[in-house]
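Asks: Only the shape, not the letters, is given here:
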């Protein structure tokens, strides 16, 4: 195929400013030159198993179109929008539409290609200008946690904890790959070349990037991107799974609020998750949990819209179970996923794990009508329902249209009444507004009717159809007070990738699955920052920006810089700690202390920055002290006889986190640092809280938290604890865990 040439006559220039700005033109309207619809689209599926030579003949046209579109955007003053698009989803959506329009206009002018090839070119142009080039479709897939490029023709991805070749993803040549690498580094004011052949960086979402120039990699530049999603923190969920004790939480909150300086030692993560492809009802329709991001909207069991406050990384190699419910819904969850449930016959709701549900018969809270927004539908819902109901009565199994299933409550009720009338269903039982129906329906109609009934707060049941069965008997109730949803079966399931989200519902509940089943939030250990008063300024300092404190806090993040190829121009954590003192911090948080930066951190705590937090790796409080002493000695600035005094004066408490043999992670103990009662010149860690395992049941380690000591008089006086108001649950924005009754 010959390479298309640019059209000789000038093309009419798209109004880029108008394209970037929100359009008031009604949907379906035409532009002055041609009907426009977004055509640029590529996903990971095209690249993971695709033929690398399938679109090779389009490479010259992609380069040509990209050049023309970029020149047009620059000429129309959209340079800043292109730069901002890489860090702002809103700007990216706007400039993407402008690029899409321009690329389509250019290709129509050449008249060279159409159909799938044209779509591929447009998508490639968009990715080249505002994305990661050929890698963009891969990185847009939340199920992919790492992308590894070993050269222009060798790309691998990590999915489900395993590396897989992305056979359809290739760069034109080494220069094209290097150009993509440089584009990643530009916002960081860095580049990779022969002089500086190694570079570390990050994407706007915090994901780590490592680049090796081809002078060190003969096969071409090498690029590695490791996903690192944002995290928020939820202390109430930790209590739900027993990772912390409620009274211990109040104690920790009281101490942190009053500026106790703490050292956190041990692991930091724990998650409760659903299968990655679990569909979650949203105001826009069903969305897989793997695609949800912070600030998306989902629904609570009372039908109201709630905001997603946290969306975590994908977890692998988890024990999973398939949970079936009385309304016919099925959800795959990991063994530690949280549910608000009660044993049938009881009145008290509890927060339990999937493993707990294996013993006894449980039920979930009732669900009320989901408040979807009013939908713009082409036909009257009652008429559509009646037509489909008539087809159902003749054994034709069309599903209810998706746009009607996510319409407002009245529209869905009209749709249902139409189905009832068209299928000539008669209620078996009627009492006030409650009606119970039993009717034979085509198998193909059952799932969409289940979604409709459960979205209206009704109950629904149907047997699992057998092979070659064309019809099935269903029973559903509408207009009745909502009933609890019974768990009918739990079976072990093959391990699948799972993911967690958190929502801003007071009880941490959201609806999952097409049958609108109530389920629970996630958990993340390392929640001490929640207790820092919101008005205080926090400076975080890390080797790489990984720490994610509570999003409502006033946080300024600093990141260390490694030395360049000459061994110069580094900015170590020590220097950042010193600089942080000039930034008016109320607290300083060092992501991890691993070297002589410990000296500056402790001196900062001794000079007016009490209440700061740091972490280090240690298996116990005694080991944490020893490691801290070694790191201070590395600095060589503090006399040996003053090291212990410096630690004692700076650090008030150590919070130990431990992963136990059953895989659970929890706070294993809280310790106050003080002088030994037997050796006055030695520091000891005095236990305040400890978790004591008692037995193992069904492979799960059980135990209890015990308060084994009280804060010393010295620390009470230092922190003025006796004169400070006690922290309350309402102050923390958490429902009192001692109140378990939920109205049924």
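Replies: Nice, I can see it. Just so you know, these numbers come straight off a predicted model, no measurement behind them.

Asks: When you work out contacts or count neighbours from here on, use the C-alpha atoms and nothing else.
Replies: Noted.

Asks: mind giving me the domain split of this structure?
Replies: The record's domain parsing of the chain by automatic domain parsing lists 16-131, 138-226, 235-269+525-732, 274-368+486-520, 381-481.

Asks: Name the stretch among the ones you listed that sits most buried.
Replies: Of these, the one with the most neighbours on average (mean count of other Cα atoms under 10 Å) is domain 274-368+486-520, at a mean of 21.

Asks: Any idea which of the domains of the chain gets closest to residue 374?
Replies: For these, proximity to residue 374 was assessed by Cα to Cα; domain 381-481 is nearest, at 4.6 Å.

Asks: For that closest one, measure first residue to last.
Replies: Terminal residues of domain 381-481 lie 24 Å apart, using Cα to Cα, to the nearest Å.

Asks: model confidence over that domain, on average?
Replies: Averaged over domain 381-481, pLDDT sits at 85.

Asks: re earlier: the domains of the chain into a markdown table, with extra columns for distance to residue 738?
Replies: Below are the domains of the chain laid out as a markdown table (distance: least, Cα to Cα, whole Å):
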| stretch | distance to residue 738 |
| --- | --- |
| domain 16-131 | 42 |
| domain 138-226 | 38 |
| domain 235-269+525-732 | 9 |
| domain 274-368+486-520 | 11 |
| domain 381-481 | 28 |
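
Asks: If you average pLDDT over each of those, which is lowest?
Replies: domain 16-131 (a mean of 72).

Asks: which helix is the longest one in this protein?
Replies: helix 89-110 (DSSP state H).

Asks: right, and the helix or strand after it?
Replies: Using DSSP states H and E, the next helix or strand after helix 89-110 towards the C-terminus is helix 115-130.

Asks: Three-state assignment for residue 375, please.
Replies: With DSSP: H, G, I helix; E, B strand; the rest coil as the basis, residue 375 sits in coil.

Asks: Likewise for the one 3 residues further on?
Replies: Judged by three-state DSSP, the three-state class of residue 378 is coil.

Asks: With residue 398 as the reference, measure out to it.
Replies: Taking Cα to Cα, one finds residue 378 at 18 Å from residue 398.

Asks: what does residue 255 give?
Replies: With Cα to Cα as the criterion, residue 255 and residue 398 are 61 Å apart.

Asks: Which strand in the protein has the most residues?
Replies: Scanning the chain for the strand with the most residues, using DSSP state E, yields strand 683-697.

Asks: Which neighbouring elements make contact with that strand?
Replies: With contacts taken as 3 or more Cα pairs under 8 Å, 6 or more residues apart in numbering; DSSP states H and E, strand 683-697 sits against helix 621-635, strand 665-675, strand 700-707.

Asks: and residue 227, what is it in contact with?
Replies: By Cα atoms under 8 Å, 6 or more residues apart in numbering, the contact set of residue 227 is 145-146, 206-208.

Asks: Show me where the stretch 251-400 of the chain has its helices.
Replies: Using DSSP state H, counting those that start in this stretch, the helices found in the stretch 251-400 of the chain span residues 381-393.

Asks: Show me the strands in it, by range?
Replies: For the stretch 251-400 of the chain, the strands defined by DSSP state E, counting those that start in this stretch cover 262-266, 274-275, 279-282, 285-288, 297-299, 305-311, 320-325, 330-334, 338-343, 350-353, 362-364.
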